[in-house]
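1. got a predicted model here, sequence first, then my questions.
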Amino acid sequence: MGWQLKKTVVMVGMMGAGKTAVGRALAARLGVPFLDSDAEIETAANMTIPEIFARDGEAFFRARETQVIERLLDTQSCILSTGGGAFMAEGNRAMIAEKGVAVWLDAGLDLLWQRVRHKSTRPLLRTADPKATLAGLYEARVPVYALADLRVAVMPRYSIEDTVERVIEVLRTRPDVLQGGS
Ligand SMILES: Nc1ncnc2c1ncn2[C@@H]1O[C@H](COP(=O)(O)OP(=O)(O)OP(=O)(O)O)[C@@H](O)[C@H]1O
Ligand SMILES: O=C(O)C1=C[C@@H](O)[C@@H](O)[C@H](O)C1
Ligand SMILES: [Mg+2]
C-alpha cells in the first residue's frame, strides 16, 4: 500500500538543520510535491536571499516570507520546508497550525555550526563572530521551535535518508497526518 499524506508537513528549525535536504527527500519518498519557501522567494524576486537582505532588508524579506508561506500552504498535502526564521513569527505559526503540521528538525548547535560554517548563503551569519551569532539565534529560537507539533532529533551520524526515516516514524504516530506505507 502506498502512502496517504493527509496534511501538509511544514519543516521548521534552525538554518543547517536539514529542512531543505530532508524535506526534499521526504517528499520524494512519500510521492508528494516538495516546496521550499526560501527557494520560492528567490525565484519570485529573481534574486538570492543575500541579495534580498542587502537590497531590501530583513523586514522586507520577512513580509515576503509570510506571503509565500500563506500561498504555499494552499497546496494540498505536500512537504513545505521553511526558512530558519519563519516559525518565529506568531502569525506564521498560526497559519501553519491551521493548515498543516509543523515538524521541528532539532539539531544541536555543534552540528549546525559544522553545516553552515563554510557557506556564505545565510546573511544573518555575516557578522564578525558568526559562531557566536549562530549560538545567540539558537538560544533565542529553540523555545519557539519547541512549539511545533512534532519533533525529530537530528544526529550527526544520520544520513539524510536516516532522518527521513525518523520523520516518517514520527508522522505515523499521527494518523490524521500520515497513513499507509506497509
Ligand atoms: N545527514 C544530513 N542531513 C541533512 N543535511 C545534511 C546531511 N549531511 C549533509 N547535509 C547538508 O547540510 C546542509 C544544510 O542543510 P539544508 O540546506 O537542508 O538546511 P536548512 O535547514 O534548509 O537551512 P536553511 O534554514 O538555511 O534553509 C546542506 O548542504 C545539506 O546537504
Ligand atoms: O534562520 C534564518 O533566519 C534564515 C534562514 C534561511 O533559511 C533564510 O530564510 C534566511 O537566510 C534567514
Ligand atoms: Mg533550507
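-> Yep, that arrived. Ligands and ions are numbered 1, 2, ... in the order given.

2. how about the residue in the chain that ligand 3 sits nearest to, nearest residue that isn't a chain neighbour?
-> As assessed by Cβ to the ion, ligand 3 sits closest to Thr20 within the chain, at 3.2 Å. Glycine gets a C-beta too; all of them are placed from N, C-alpha and C. Nearest residue to Thr20, sequence neighbours excluded (Cβ to Cβ, 6 or more residues apart in numbering): Ser81, at 5.0 Å.

3. isn't the one you found up against Lys19?
-> Yes. At 4.2 Å, Ser81 counts as touching Lys19 under the criterion of Cβ atoms under 8 Å.

4. so what sits against both of those two?
-> Common contact partners of Ser81 and Lys19 (Cβ atoms under 8 Å, 6 or more residues apart in numbering): Met11, Asp36.

5. enumerate the residues of the chain near ligand 3.
-> Residues of the chain found near ligand 3 (Cβ under 5 Å from the ion) are Lys19, Thr20.

6. what parts of the chain come near ligand 1?
-> Within the chain, the positions lying close to ligand 1 (Cβ under 6 Å from any ligand atom) are 13, 15-22, 38, 81, 83-84, 115, 122, 158-160, 163.

7. which of those count as buried?
-> 13, 15-22, 38, 81, 83-84, 115, 122, 158, 163 (16 or more other Cβ atoms under 10 Å).

8. so which bits of the protein are right by ligand 2?
-> Residues of the chain lying near ligand 2 (Cβ under 6 Å from any ligand atom): Met15, Asp38, Ile49, Gly83, Gly84, Gly85, Arg122, Pro123, Leu124.

9. can you tell me the SS state at the last one?
-> Looking back up the chat, that one is Leu124. helix (DSSP: H, G, I helix; E, B strand; the rest coil).

10. how close does it get to Gly83?
-> 10 Å (Cβ to Cβ, to the nearest Å).

11. list residues touching both of those two?
-> Met15.

12. pLDDT below threshold where in this protein?
-> Low-confidence segments of the chain, defined by pLDDT under 70: 1.

13. how about the strands in it?
-> According to DSSP state E, the chain carries its strands in the segments 3-5, 8-12, 34-36, 79-81, 100-107, 150-154, 178-180.

14. Ala28 contacts Phe34, correct?
-> Yes. Counting by Cβ under 8 Å, Ala28 touches Phe34, with 7.3 Å between them.

15. comparing these two, which shows the higher neighbour count?
-> Neighbour count, other Cβ atoms under 10 Å: between Ala28 and Phe34, Phe34 has more, with 18 against 12.

16. identify the residue nearest that one in space, chain neighbours excluded?
-> Ala27 (3.5 Å).
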